[in-house]
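Undergrad: Okay, predicted coordinates and the sequence, questions at the end:
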Amino acid sequence: MTRLSAQKCRRSVSRQGFTLTEVLLVLAILGVIAAMVVPNLLGRQKEANIKITKSSIKSLEDAAEQYAVSHDGVLPTNVQELLNPGNDKDGQAISPYLKTMPMDAWNKPLNYQMPDNAVSPRIWSNGPDRISADGAGDDITNWKPAAT
């Protein structure tokens, strides 16, 4: 083989893959990026779930207010009255104020309570731990918790 053809032969050999060092370097860089990004994303998910739940609570409050407008200012005593309001004075079926049972971001039903002599219902989610503390702890409510 001539010297010229040997040089051509070496040049024409293409590189077939990455070296182990290159692969490990890329993995290390991806690991560093993931370590910085993942904690931020997890915190954002919790904030997003709380916002979604507050929105669901607000929707339930609005449905209760619509019910009260149609019922001489009397708020519903439970959520079932919003799902199945019954008939009006003429015996005509009243359209539901809610299509489905309201759920929080953790797919648990919202809690609804109409205390005696109250001007608005107490509505709360059990929160991220999914355990009701009657509006305390990590529960998400439509009222401001009492200062301790």
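TA: Ah, there it is. This one's a predicted model, so the numbers in the text were calculated from it and none came from an experiment.

Undergrad: Which elements pack onto the longest helix along the chain?
TA: Across the chain, the longest stretch assigned as helix under DSSP state H is helix 20-70. Counting contacts by 3 or more C-beta pairs under 8 Å, 6 or more residues apart in numbering; DSSP states H and E, helix 20-70 packs against helix 80-83, strand 122-125, strand 140-141. For the C-beta atoms, the positions are set from N, CA and C on the backbone; glycine is no exception.

Undergrad: mind listing what's buried in stretch 81-88?
TA: Buried residues in stretch 81-88, counting neighbours by 16 or more other C-beta atoms under 10 Å, are found at 81, 82, 83, 85.

Undergrad: quick one: contacts of it?
TA: Stretch 81-88 is contacted by residues 60, 63-64, 67, 70, 76, 93-98, 100-101 when judged by C-beta atoms under 8 Å, 6 or more residues apart in numbering.

Undergrad: what's the first-to-last distance across it?
TA: Separation of the first and last residues of stretch 81-88 by C-alpha to C-alpha, to the nearest Å is 13 Å.

Undergrad: could you dump the contacts of stretch 81-88 to CSV with pLDDT?
TA: Formatted as CSV, those follow (pLDDT from 0 to 100):
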residue, pLDDT
60, 94
63, 94
64, 94
67, 91
70, 85
76, 93
93, 89
94, 87
95, 91
96, 93
97, 93
98, 93
100, 92
101, 90
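
Undergrad: Out of the residues you listed, the closest to residue 123 would be?
TA: Comparing the contacts of stretch 81-88 against residue 123 with C-beta to C-beta places residue 60 closest, at 5.3 Å.

Undergrad: need the contact list for that closest one.
TA: Contact analysis of residue 60 by C-beta under 8 Å, 6+ apart lists 79, 82, 98, 102, 110, 112, 123.

Undergrad: again, but for residue 58
TA: Going by C-beta under 8 Å, 6+ apart, the list of residues near residue 58 reads residue 142.

Undergrad: Ok, residue 115 next?
TA: Taking C-beta under 8 Å, 6+ apart, we find residue 115 in contact with residue 122.

Undergrad: Secondary structure element holding it?
TA: Using DSSP states H and E, residue 115 is not contained in any helix or strand.

Undergrad: Looking at it now. What's its pLDDT?
TA: We have a pLDDT of 89 for residue 115.
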